[in-house]
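# This is a predicted model, with the sequence first.
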There are 2 protein chains.
Amino acid sequence: MKLTCSKSNLLKSVNIVMKAVPAKTTMPILECILIDASANEIKFTSNDMELGIETKVEGNIIDKGIVALDAKIFSEIIRKLPDSDVTIETDSNLQTLITCEKAKFSISGKSGEDFSYLPYVEKNDFITLSQFTLKEVIRQTIFSIAANENNKMMTGELFEIEGSRLKVVSLDGHRISIRKIELKNEYPKKKVVVPGKTLTEISKILSGETEDMADIFFTDNHIVFEFNNTVVVSRLIEGEYFRIDQMLSSDYETKVEINKRELLDCIDRATLLVKEGDKKPIIIHIGDEAMELKINSQIGSMDEEIDIRKEGKDILIGFNPKFLIDALRVIDDETVTIYLVNPKAPCFIRDEEQSYIYLILPVNFTA
Amino acid sequence: MKLTCSKSNLLKSVNIVMKAVPAKTTMPILECILIDASANEIKFTSNDMELGIETKVEGNIIDKGIVALDAKIFSEIIRKLPDSDVTIETDSNLQTLITCEKAKFSISGKSGEDFSYLPYVEKNDFITLSQFTLKEVIRQTIFSIAANENNKMMTGELFEIEGSRLKVVSLDGHRISIRKIELKNEYPKKKVVVPGKTLTEISKILSGETEDMADIFFTDNHIVFEFNNTVVVSRLIEGEYFRIDQMLSSDYETKVEINKRELLDCIDRATLLVKEGDKKPIIIHIGDEAMELKINSQIGSMDEEIDIRKEGKDILIGFNPKFLIDALRVIDDETVTIYLVNPKAPCFIRDEEQSYIYLILPVNFTA
């Protein structure tokens, strides 16, 4: 195999496929990037058996061929080469020579035969949305998946399509995050659970531009994202997602409108009195025109008042401050509305159209 | 005690004194910042018993007094307050209320009596130089002190004043870094060894501006830096520094002029084949018009050629690549000159006027 590419193209493609190179594995071949120039195009592939990425690389093929190179070494070499044309050439023993200007690197390659290619996926059902929207919806929900593998279903996110609406849901047992997106077209009903890791990695390689589009294909076992000459294939999490509709009551006793920035800054300040692992709640008292926030810990105490517009009853309620911060950080509105029932029932932060709903369970506290 | 300061002034001062707050200590009082408003000015002090910092804070004293506050908590509170005026008020039990707009923090303080004040230092001998120059000379030498405490003297830097010249030296047994600076005035002879930690911390709080000056005072046991309303007092390392003059021969067999950027980039590339802890040398062959650099490791091999201007003999010599990188990174010249004798003798990277000299010992290698 012999091919030439610009350093910048190589680096862009390497950075994309690196996202599916496992940090640790018992199968050394998975620590490689497959360079496939066996046909008329150059493709890089990586695969950690749950997530696989393939991307086309602009360049010229001089001799066709395939080689698998250690991903970490290969990416570091590319990164440190001068900004010029790079030649990658393998001999019959798969020893690979990487040349750029006067720099010559020689590393050993592996046969492509042992590599796990991406699964073949039938591309029937699909939706199209902007990379910006996809990246945003991941950011706005990914924080409330469960890190713990004990409940596999909670480590993923529900992607549900109904008509022209995509609903994305994540939950971890203490809170639920829901985002709804209007798509340009109507699509058949679809409901899948996508691993959180897949979404985290994909959001790193999405461009984030509103004019760049991404296609998402669904099969029974896989989800496929296609954008910018890149294909990402991920297994789905099997089983039925939690029924959340019954938890989403729209009754409330107290409704509060509050400046998001002020509330977020105040809770952020309060958390500095809480050491890692210490579960001190922030105690919120909602009165007629002000919300009073208090926290008490071994380190010290804080209290602060914020002006609000209130409808309904006064209430005294406690929350894990982190959960409030996580939700408020991903809401772009200047003013948020919070709905409360009683000190034992979840609160909802949601907009009028319910394009976002953040449900957070309160915590007990001793006043 | 009761005083008011702007958040920005408080933050600036807290960041300065934080540099002398020990990360770990058996004396809890040292983890505090002393707020001293007992006279007509507000001063913050910190002291880890080797290094002490005192800085004046702009603000208004309403009631005179002194309190010591946990440095970490206090700095985090200040950092997260709104950008407004801050009131700090202690009651008779040293409980301290920090108020800013509607935010109120309450933390407990300690008596200032237990605090270790900065040692009183006679200010006779001193030199003046720009903060830029001081910061630069530290950066250009600090990397070659020894991290290991086994040889205390090697963990410091020699500051030697003779006439109008300041010479700064660091060495770790494998290399020596020397920088010479012309001062504006003549000063009496002086020779002290300053702890590396002091220099690292002080370079973080120096402004780095050429028009801002710093005074340095010397006593038998202490060095004092004064700049921007801040006083830094550090113990000196006792004993006599290494005699380095006999190691600085100016004889050479080979003299090479080379583009610094090209050499640095090439060595930097080569090091990616060397894993942490692996001591693979970079092997340099100096021929008539080119320098060839080679590295061989389990990961792979690299070789590269760089154009040079050479006087004298050809030579084949090996170096720890890190030592070359460290020295080249802090030299601003576009072209550097390297002087070599033989594969067993140190090489010198130095300019014509010897305003900088970097001596590096070669390593054995099997060609």
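Great, that's in hand. Numbering: from 1, shown residues only, chains lettered A, B, ... in the order given.

# helices or strands up against the strand or helix carrying A:F105?
When secondary structure is defined by DSSP states H and E, A:F105 falls within strand A:103-108. Taking 3 or more C-beta pairs under 8 Å, 6 or more residues apart in numbering or on different chains; DSSP states H and E as contact, the helices and strands that strand A:103-108 lies on are helix A:71-80, strand A:95-100, helix B:260-271, strand B:300-312. Just so you know, the C-beta spots here come from the backbone N, C-alpha and C atoms, and that holds for glycine as well.

# Tell me the helix or strand right after the lowest-mean-pLDDT helix or strand in chain A.
Within chain A, no helix or strand scores below strand A:125-130, which has a mean of 92 by mean pLDDT, DSSP states H and E. Scanning forward in sequence from strand A:125-130 by DSSP H and E, the next helix or strand is helix A:131-139.

# Quick check: buried residues in that next one?
A:131-139 (16 or more other C-beta atoms under 10 Å in any protein chain shown).

# before we move on, the earlier item: in a markdown table, list the helices and strands packed on strand A:103-108 along with mean neighbour count.
Below are those laid out as a markdown table (neighbours: other C-beta atoms under 10 Å in any protein chain shown):
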| stretch | mean neighbour count |
| --- | --- |
| helix A:71-80 | 20 |
| strand A:95-100 | 20 |
| helix B:260-271 | 20 |
| strand B:300-312 | 18 |
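
# residue contacts, the closest residue to chain B within the stretch 1-150 of chain A?
Taking C-beta to the nearest C-beta, chain B has its nearest neighbour within the stretch 1-150 of chain A at A:I107, 3.5 Å off. Taking C-beta atoms under 8 Å, 6 or more residues apart in numbering or on different chains, we find A:I107 in contact with A:69-70, A:73-74, A:77, A:95-96, A:98, B:299-300.

# and which of those residues is nearest B:P321?
B:I299 (13.9 Å; C-beta to C-beta).

# Quick check: the closest one touching B:A270?
No: if you go by C-beta atoms under 8 Å, B:I299 and B:A270 don't touch, sitting 11.1 Å apart.

# domains for chain A, by residue range?
Annotated domains of chain A cover A:2-114, A:125-245, A:248-360 [automatic domain parsing].

# Report the separation between the two terminal residues of the second one.
What that stands for is domain A:125-245. Start to finish, the residues bounding domain A:125-245 are 25 Å apart (C-alpha to C-alpha, to the nearest Å).

# ok, A:K255 to A:D245 distance?
A:K255 sits at a distance of 21 Å from A:D245 (criterion: C-beta to C-beta, to the nearest Å).

# Which of those two has more residues huddled nearby?
Between A:K255 and A:D245, A:K255 has the larger neighbour count (other C-beta atoms under 10 Å in any protein chain shown), namely 17 against 7.

# any idea how far the closest residue to the more buried one other than its chain neighbours is from B:E136?
Nearest non-adjacent residue to A:K255, counting by C-beta to C-beta, 6 or more residues apart in numbering or on different chains: A:E311, 4.3 Å away. With distances taken as C-beta to C-beta, A:E311 is found 62 Å from B:E136.

# Identify whichever of the helices and strands packed on strand A:103-108 lies nearest to A:V336.
When the helices and strands packed on strand A:103-108 are compared by C-beta to C-beta, helix A:71-80 sits nearest A:V336, at 41.9 Å.

# Name the residues that touch the helix or strand just after that closest one?
On the C-terminal side of helix A:71-80, the closest following helix or strand by DSSP H and E is strand A:85-90. Here strand A:85-90 makes contact (C-beta under 8 Å, 6+ apart) with A:1-7, A:10, A:35, A:63, A:65, A:67, A:78, A:96-100, A:109.

# quick one on the thing from earlier: just put the helices and strands packed on strand A:103-108 in a markdown table and tack on distance to A:Y358 and mean pLDDT.
As requested, those are exported to a markdown table (distance: least, C-beta to C-beta, whole Å; pLDDT from 0 to 100):
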| stretch | distance to A:Y358 | mean pLDDT |
| --- | --- | --- |
| helix A:71-80 | 38 | 96 |
| strand A:95-100 | 49 | 97 |
| helix B:260-271 | 47 | 96 |
| strand B:300-312 | 50 | 96 |
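
# Could you export the ones you listed as JSON lines, including distance to B:S207?
Shown next, in JSON lines, are these (distance: least, C-beta to C-beta, whole Å):
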{"stretch": "helix A:71-80", "distance to B:S207": "34"}
{"stretch": "strand A:95-100", "distance to B:S207": "41"}
{"stretch": "helix B:260-271", "distance to B:S207": "27"}
{"stretch": "strand B:300-312", "distance to B:S207": "37"}
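
# Quick check: which element contains the residue located most distally from the centre of chain A?
Residue farthest from the centre of chain A, counting by C-alpha atoms, centre = their mean, is A:S92 at 41.2 Å. Secondary structure assignment for A:S92, by DSSP H and E: no helix or strand.

# Report the buried residues of the longest strand anywhere in chain A.
Scanning chain A for the strand with the most residues, using DSSP state E, yields strand A:175-195. Judged by neighbour count (16+ other C-beta under 10 Å), strand A:175-195 contains these buried residues: A:175-181, A:187, A:192-195.
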